[in-house]
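# With the sequence up front, the predicted model follows.
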Amino acid sequence: MATSETIRFRVEGMTCGGCAAAVTKVVQRQDPGAEVAIDLATGMVDVRSAADAATLAAAITKAGYPAARA
Ligand SMILES: [Cu+2]
């Protein structure tokens, strides 16, 4: 298993706790053990996970929140 690392994403379109919860759920669908820290004010999302960064960004984007590695 790959080593967990913290990956930072800049995510657009998150406006409230519901959005943050949705993004968290999307990440944890990719990796149930992922730790997700979201700063709504800046749109920054830190994910501690062994999942692939590009895969996570694509999943978040597909859920309606355009995401790119920060
Ligand atoms: Cu919201």
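Yep, it's here.
# As a check, name the ranges of all helices in this structure.
17-30, 53-62 (DSSP state H).
# and the shortest one, what does it pack onto?
Under the contact criterion of 3 or more C-beta pairs under 8 Å, 6 or more residues apart in numbering; DSSP states H and E, the helices and strands touching helix 53-62 comprise strand 5-11, helix 17-30, strand 44-49, strand 67-69. In short, each C-beta sits where N, CA and C put it, glycine included.
# ranking the ones you listed by burial, who's on top?
strand 44-49 (a mean of 20; mean count of other C-beta atoms under 10 Å).
# burial measure for residue 38, as a count.
21 (other C-beta atoms under 10 Å).
# got a list of what the closest residue to it other than its chain neighbours touches?
What sits nearest to residue 38 in space, not counting adjacent residues and going by C-beta to C-beta, 6 or more residues apart in numbering, is residue 20, at 4.4 Å. Residue 20 makes contacts with 14, 38, 40, as judged by C-beta atoms under 8 Å, 6 or more residues apart in numbering.
# And the first one, what's its pLDDT?
Okay, so that is residue 14. Listed pLDDT for residue 14 reads 98.
# Quick check: the gap between it and residue 5.
Distance of residue 14 to residue 5, given as C-beta to C-beta, to the nearest Å: 22 Å.
# got the phi/psi numbers for residue 14?
phi -80, psi 120 (degrees, to the nearest 10).
# gap between residue 64 and residue 19?
From residue 64 to residue 19 the distance is 9 Å (C-beta to C-beta).
# which residues are in contact with both of those two?
residue 13.
# rewinding a little: do you know which of the helices and strands packed on helix 53-62 lies nearest the ion?
helix 17-30 (3.2 Å; C-beta to the ion).
# That closest one relative to strand 5-11, how many degrees between them?
Interaxial angle, helix 17-30 versus strand 5-11 (axes from the mean of the first three to the mean of the last three C-alpha atoms, to 10 degrees): 140 degrees.
# Using CSV, lay out the contacts of residue 20 together with distance to the ion.
CSV is the format used below for the contacts of residue 20 (distance: C-beta to the ion, whole Å):
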residue, distance to the ion
14, 6
38, 11
40, 9
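# Format these as CSV; extra columns: distance to residue 50.
Conversion of these to CSV gives the following (distance: C-beta to C-beta, whole Å):
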residue, distance to residue 50
14, 24
38, 19
40, 25
